[in-house]
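>>> generate a structure from the sequence data that follows.
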Amino acid sequence: MGLPTLVVVSGPPGAGKTTLAHRIAGTPGLERLTERSQIKVIRCTVDAATAGSRAARRNVESRVRQRSHATPETPFFADDWRGISLPLPLLSVETTEGYKPGIDAIIRFVLGD
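Predicted structure coming up:
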């Protein structure tokens, strides 16, 4: 049996990280981490207008998110965000309109297929 895999979903506010993480969390074959793991990175990308719209909507919907997302007083620009820069397997997922590549390709990446 190989090492467990740790998947890091990254991206700017409003890129869809939480939604994607919840979608892949229930995938058969994935388990909670034990002692060691392989690390893979999924980097969510999104156009700035969509990111801003999502972040603003979520700030209204959730006080918890208000603490982590930008506000009008402290704006966040998706283009300012910098991803993880490590020598790790990386998959970029464009999330402006759905997932590109699709969820099946993302899960194949996670499972190492």
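>>> next, count neighbours for Arg54.
20 (other C-beta atoms under 10 Å). Quick note: C-beta positions are derived from backbone N, CA and C, even for glycine.
>>> now swap in Leu88 and tell me
Leu88 has 12 nearby residues by other C-beta under 10 Å.
>>> so it touches Ser10, yeah?
No - the criterion here is C-beta atoms under 8 Å, and Leu88 misses it with Ser10 at 10.9 Å.
>>> list residues touching both of these two?
Common contact partners of Leu88 and Ser10 (C-beta atoms under 8 Å, 6 or more residues apart in numbering): Val41.
>>> run a quick check on Ile84 versus Cys44, I expect a contact.
No - using C-beta under 8 Å, Ile84 makes no contact with Cys44, being 11.6 Å away.
>>> and those two? Which one has more around it.
Using other C-beta under 10 Å as the criterion, Ile84 and Cys44 rank with Cys44 on top: 25 against 11.
>>> mind checking the SS state of that one?
strand (DSSP: H, G, I helix; E, B strand; the rest coil).
>>> and the helices in the chain?
In the chain, the segments counted as helices under DSSP state H are 17-25, 48-61, 63-68, 103-111.
>>> out of these, flag the one nearest Thr96.
Counting by C-beta to C-beta, Thr96 lies closest to helix 48-61 out of the helices of the chain; the figure is 4.9 Å.
>>> quick one, the closest one and helix 17-25 angle?
Orientation note: helix 48-61 sits at an angle of 90 degrees relative to helix 17-25 (axes from the mean of the first three to the mean of the last three C-alpha atoms, to 10 degrees).
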